[in-house]
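[1] Give me the fold of what follows.
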Amino acid sequence: MKKQAMLIRSYRNQIINAVMNWQKENYPDRTNRYDKCERDLRYVFKAYCSDIYTNSTNSIENISSKYWFNNKRQIIEYKTELAVHKFMVDYIIKEILQEEEDFKDCTEHLKKLYDILEDTIVFGPKYTSFTHLNYYKYVYQYDELEDVDHNLIEQALYDAWKNTPSKNNFMPYQVHVIRPEDIAIKELIYYKCLENETKANGNHITDLEGLKKYEQDEYGSDNKPNYYNVKSAHYILIFTQRVETIPNQHQQDLIDRGFVYEQMAKNGPKKDSAKSVAYLEIGMFCSNFANACLASGIDISHTLCFPSDKKYWSEPEFSFLDMNPLLIMTAGKAIKYRRDSIPLYLDPKPDFERIVNIVDKK
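    Below you'll find the predicted structure:
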């Protein structure tokens, strides 16, 4: 049903406008935030297109589950919500698909998708998320005109520090936080990412003018690299390995008894082993930080496309880096997401069954 999905998608604006006009006429007192209604309608519309394209139900199951959180429906008057969505499906069938024989399978599948949406909104999803990570979308660009409350970022950082477990309580990593006013540093980081891209592509460019020319030649004025968000991010987190020099009392007692910890090694294989631990724990810290940010309406993204050797970070602005950077994470208010230009049906995750192998030893 790929052809039908692309046909429906080509009428996206017409369909959304028709639904919005119908809602204003029939439920004029429903809301004064029509921009939010339109945004949500577009999410559901994308899910329909995605599932018709792939002949599946994954996208509508996912988007409809977001009407619930912690086993609680997030909208009180759901009957109006259902009426609006039912009108959209009926409009697509009547005005776009027109009940033609060639579109019969598509029509039936669309009705099935609506039934899933309705059932989920009314009774709840089969899968219930207990985190805010289901709000995550990869950010292409942050809105530099928006303000982000520093207290929320600091609270999210504290929450991640507080709730991230660590092997033997060493936390063998450090988080360096670049603030919104550090515009020059963010630009330097962006061009380091771009330089790393040229190196990976076999044409290592190091001078700024050469990098700007490469950017123009490769991306033009309309497109940007995925990591362009580091240039507009409100906050940037740079993670590095950390060598512990002040063990706690319990750690010191064990050290006095002959225990050796890789998290305290300053060089050699044990330090490399501690780096593997750091990567793992950084991932957990990022997940906790992301959850806290998303709960407060703050977007996040990550990148690994940067020089991983500290020798490439020799500018005085990066004097705080005493070890190689391992991960860059960004946070702020997004203005453009990856999903705005690349729909889910073209770029899905591998299926659950391909990733999770529940071993059966019968």
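
[2] Need the phi and psi values for Thr198.
    phi -60, psi -40 (degrees, to the nearest 10).

[3] Run through the stretch 251-362 of the chain and note the low-pLDDT ranges.
    362 (pLDDT under 70).

[4] these two touch, right, Leu327 and Leu280?
    No - counting by C-beta atoms under 8 Å, Leu327 sits too far from Leu280 to count as a contact (11.6 Å). (C-beta placed from N, C-alpha, C; glycine too.)

[5] Out of these two, name the residue with the larger neighbour count.
    Neighbour count, other C-beta atoms under 10 Å: between Leu327 and Leu280, Leu327 has more, with 21 against 14.

[6] Look up phi and psi at Asp161.
    Asp isn't right for residue 161; it's Trp. phi -60, psi -40.

[7] what's the closest non-adjacent residue to it?
    Nearest non-adjacent residue to Trp161, counting by C-beta to C-beta, 6 or more residues apart in numbering: Phe285, 7.5 Å away.

[8] what's the distance between the one you found and Asp159?
    Going from Phe285 to Asp159 by C-beta to C-beta, to the nearest Å gives 10 Å.

[9] More neighbours: which of those two?
    Neighbours were counted for Phe285 and for Asp159 using other C-beta under 10 Å; Phe285 has more, 25 against 16.

[10] can you count the residues close to the closest residue in space to His150 that isn't next to it in sequence?
    In space, and not counting its chain neighbours, His150 is closest to Arg179: 7.5 Å by C-beta to C-beta, 6+ apart. Other residues within reach of Arg179, judged by other C-beta under 10 Å, total 14.

[11] cool, Pro325 as well?
    22.

[12] now swap in Ile92 and tell me
    By the criterion of other C-beta under 10 Å, Ile92 has 25 neighbours.

[13] In the stretch 51-200 of the chain, mark out all the strands, start to finish.
    68-69, 72-73, 139-142, 173-178 (DSSP state E, counting those that start in this stretch).

[14] related to what we said a few turns ago, just checking, the residue nearest to His150 touches Ile185?
    No - contact between Arg179 and Ile185 fails when scored by C-beta under 8 Å: they sit 9.1 Å apart.

[15] Which parts of this structure belong to which domain?
    Using automatic domain parsing, the domain parsing of the chain gives 2-130, 139-340.

[16] Of those domains, which is nearest Ile355?
    domain 2-130 (13.4 Å; C-beta to C-beta).

[17] Just the angle for the longest helix seen in the chain relative to strand 173-178, thanks.
    Counting by DSSP state H, the longest helix found in the chain is helix 269-295. Interaxial angle of helix 269-295 relative to strand 173-178 (axes from the mean of the first three to the mean of the last three C-alpha atoms, to 10 degrees): 50 degrees.

[18] what's helix 269-295 packed up against?
    Where contact means 3 or more C-beta pairs under 8 Å, 6 or more residues apart in numbering; DSSP states H and E, helix 269-295 is packed against helix 150-163, strand 173-178, strand 235-241, strand 299-303, strand 325-332.

[19] Before I go, just wanted to say thanks for your time.
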